[in-house]
Every structure is written in C-alpha cells, then in structure tokens.
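dropping the sequence and predicted coords here.
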Amino acid sequence: MSRTDTYTISGHTSKSLFSVISDYVMLTKLRLSLVVVFSSVLGYLIASNGAGNYVQVLVLGLGGFLVTAAANALNQVLEKDYDILMTRTANRPIATGRMKTSEGVMFAGLSCLVGISLLATINPITALLGMISLITYAFVYTPLKRYSTIAVAVGAVPGALPVMIGATAFEGTISLLAVCMFAIQFLWQFPHFWSIGFIGHGDYKKAGYKLLPEHNGEIARNLGLSALMYSLMILPVVCFMYFSISVSLVSTLVVSLFSLIYIILSYRFHVKFDRSSALKLMFYSFFYLPLVLISYWLL
C-alpha cells in the first residue's frame, strides 16, 4: 500500500496510512518521547557502569516509551480545546477532530497498561515511578497550567523522573546517584522551559496558560534571575556527586564546564532579557542534558 492509498476502519472516513501514522506521531509527541527514553536509558547505563543487561535496557526503553506516549496522549485529550488556539499545537489530531477523543483515551490506556507492565518486569520501584510520572504530568501539571505558575515546578518532577527510572531499573532502589541525577535534570528544566516560554509567551496567552510570571500584562523581569539561580544550583549537585559518589574527576570537570556555559547563557538572558538571549539559552539547553549524561556514562 502506498502512502496515498486509503482504507476504512469500522466504517469511518477513509484515511491514508501515512495520515494515520502522522497523527499518531503527533499524538505521542514522538521526538519528545524518544528524548525521554534516551534520558532513561542513559540513567541505566550510568548506574550499571557497564554491568547492565541489554535485554533489560530494551524492556526499559520500550516500557518507558509507551508510558510517555500514554501521558502525551492524555495531555492532548485534556487540552484539545486549548491546543486549537495556539499556532504551535493547532494541528494536533484530537484538537482538529481528525482523531476522536475516545481513540486517544483508548490508545493512552493500552499504552499505559503495556508500558507499566513491562517496567514491572524489571522491578516494582521502576513501575511505580513510571506511574507517578504519568499521573503527575497528565492529571496534575496539565490542568494546573491554566491556574498557576507553580505548574512549571510540578511539571519538572515528571520531566526529571526518566533518569531516576533508568537508574532504579538497574539498582532496584532509589540510590543517592539516582537522586543526584534527578536533581540535575530537575534544575535544568527551569532555564530550559523559561527560555522556551519567553519566546512562545504570546501563544501561551492565547490558550490562557499561566506558565510565566507577569507584571502589568508583561513577562516579569525577574524571570531571567530565576533562570540564573536554578542553573547555578546545578554546580553544587555536580560537586556533591564527585565527593559522595564514585564519579570520576574527568566527568566532574567536563560536566562543570557544560554547566558553566549554561550559567553564562542564563546570566545573559537575565541581563538582556530579549529574544536573542532566550534563543541562545534555549538551543544550548537542548544539548546540555544529553552532553551531561553522556559524560557521566563515558567518562
């Protein structure tokens, strides 16, 4: 069947196979889900220090992907009336009506069931953390976005859990290493999100999201200072890991360098508080976390 061929499901309007796949790619936020899996797998590899089981890594990756896909699908089900108001999300399948809400819910339910079951075959703590991540993201962070800026901190919890889930998948417990990696990923998210939010503030306002502090209808000037403070707090965690956990001096120095660049870009965002400085911080933030985790794994 070519990408232009059509078919019918349960008597509904025919759609091309390509369109169906494209809609599910959007429903699962495929790129974001793969980033989450990447973070989780690196957490496992760091904790295992070369002693891991690659079948377990595969199960972790597939289970983590399905749970993340379920959370993203539920997010779009709950936000369909607001997604259509924003340029960035207006073409999502449930928002446009190309996919029924019931289909999204069914997909989320099946993905969650299979994903959590897979994580449970590794150990109960990993499955529990996966479920906490889904519930917090879909049912706490998602509705809270319309009411308070505290949603950013709440959303940073499920955002930071993947690396902890990866570590617990190998260790079977929430170790100090898992907590420290969680802390780095948690703190990283604030400058990361605030730079994105600064750029997309107009779009967020269209949907009524209250994700950024405002003063007289404009983004509050202390946002840049907050980004700087959170980026600064990463360095003590990096130093603590060196003195309290068996991470190498080389990885500590490399991660400290990456963190210093993050701090400098956050400081420039604080000082200039313009689109250019926000873009530089945003783009670097995309690379910062993978570079840090890869450094801890390889060095």
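Here it is on my side, so go on. Residues are numbered from 1 along each chain as shown.

Tyr147 reaches Leu211, doesn't it?
No - taking CB atoms under 8 Å as the definition, Tyr147 is not a contact partner of Leu211, at 10.5 Å. Where C-beta positions appear, they are placed from N, C-alpha and C, glycine not excepted.

these two: which is more packed in?
Per other CB atoms under 10 Å, whichever of Tyr147 and Leu211 has more neighbours is Leu211, with 22 against 11.

could I get the contacting residues of the more buried one?
Contacts for Leu211 (CB atoms under 8 Å, 6 or more residues apart in numbering) come out as Lys145, Thr149, Ala151, Val152, Phe193, Gly197, Tyr204.

A helix includes it, no?
No - counting by DSSP: H, G, I helix; E, B strand; the rest coil, one finds Leu211 to be coil, located in no helix.

would you list the phi and psi of it?
phi -100, psi -20 (degrees, to the nearest 10).

next one, pLDDT for it please.
The score at Leu211 is 82. That number is its pLDDT.

mind checking how far it is from Ser226?
13 Å (CB to CB, to the nearest Å).

also Ile184?
17 Å.

looking at these two, which is more packed in?
Shown here are Ile184 and Ser226; by other CB under 10 Å, Ile184 has more neighbours (23 against 17).

just checking, Trp188 touches Pro290?
No - using CB under 8 Å, Trp188 is not in contact with Pro290, being 10.8 Å away.

show me what contacts Ile116?
With CB under 8 Å, 6+ apart, Ile116 has these contacts: Gly63, Val67, Ala127, Gly130, Met131.

which of the residues you listed are buried?
Among the contacts of Ile116, those classed as buried by 16 or more other CB atoms under 10 Å are Gly63, Val67, Ala127, Gly130, Met131.

just give me the residue closest to the centre of this structure.
Nearest to the geometric centre of the chain sits Gly159, at 4.3 Å (CA atoms, centre = their mean).

phi and psi next, for that residue.
The phi/psi pair for Gly159 (degrees, to the nearest 10) reads phi -70, psi -30.

follow-up on the earlier one: which of Trp188 and Pro290 has more residues huddled nearby?
Neighbours per residue (other CB under 10 Å) separate Trp188 from Pro290, with Trp188 holding more: 22 against 13.

which residue packs closest to Leu32, ignoring adjacent ones?
Spatial nearest neighbour of Leu32, chain neighbours left out: Asn72 (6.8 Å); criterion: CB to CB, 6 or more residues apart in numbering.

go ahead and confirm the one you found touches Met26.
No - counting by CB under 8 Å, Asn72 does not reach Met26; the two are 9.3 Å apart.

more neighbours: which of those two?
Asn72 (24 against 20).

that one and Gly104, how far apart?
In terms of CB to CB, Asn72 sits 10 Å off from Gly104.
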